[in-house]
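Peer 1: Sequence first, predicted coordinates after that:
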Amino acid sequence: YEPIPGGSKLEMGIEDERVGLLKERLQATGEYSEKIRKKNRNQFDESLTEALKKFQINRGLNPDGVLGPQTLKALNESWE
């Protein structure tokens, strides 16, 4: 897996190409079970928020469902 690039925070309602990478990563770690569809691949929705919270809880992070610097670092570290 390629690292998810840094940038502004990602949270529910945002559309960004990094969201698709986030969905793939959380699918690989087992927290995201939705099918990734082409039309909404880059849309940060409620199911992704819940998956990200699970990841954050599993890693001892604040489960706010937002992809900020600490969560991004944990996601990228788990694949290096």
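Peer 2: Yep, it's here.

Peer 1: Please make it C-alpha for all contacts and neighbour counts, starting now.
Peer 2: Noted.

Peer 1: Just give the nearest non-adjacent residue to the residue nearest in space to the middle of the chain, would you?
Peer 2: Residue closest to the mean C-alpha point of the chain, counted by C-alpha atoms, centre = their mean, is residue 22 at 3.6 Å. The shortest distance from residue 22 to any non-neighbouring residue, by C-alpha to C-alpha, 6 or more residues apart in numbering, is to residue 4 (7.1 Å).

Peer 1: Please settle this for me: is that neighbour part of a strand?
Peer 2: No - applying DSSP: H, G, I helix; E, B strand; the rest coil, one finds residue 4 to be coil, outside a strand.

Peer 1: do you know how far the residue nearest to residue 9 when sequence neighbours are not counted is from residue 6?
Peer 2: Using C-alpha to C-alpha, 6+ apart and skipping the chain neighbours, the partner closest in space to residue 9 is residue 68 (5.0 Å). Relative to residue 6, residue 68 is positioned 9 Å away (C-alpha to C-alpha, to the nearest Å).

Peer 1: Equivalent analysis for residue 42, please.
Peer 2: Residue 42 sits 15 Å away from residue 6, going by C-alpha to C-alpha.

Peer 1: try residue 33
Peer 2: Note on residue 33: its distance to residue 6, by C-alpha to C-alpha, is 24 Å.

Peer 1: Point me to the residue sitting farthest from the middle of the protein.
Peer 2: Distance from the C-alpha centroid of the chain, by C-alpha atoms, centre = their mean, peaks at residue 39 (17.4 Å).

Peer 1: what's the distance between that one and residue 62?
Peer 2: According to C-alpha to C-alpha, residue 39 and residue 62 sit 30 Å apart.

Peer 1: do residue 3 as well
Peer 2: Distance of residue 3 to residue 62, given as C-alpha to C-alpha: 21 Å.

Peer 1: again, but for residue 32
Peer 2: 18 Å.

Peer 1: Many thanks, I have nothing further to ask.
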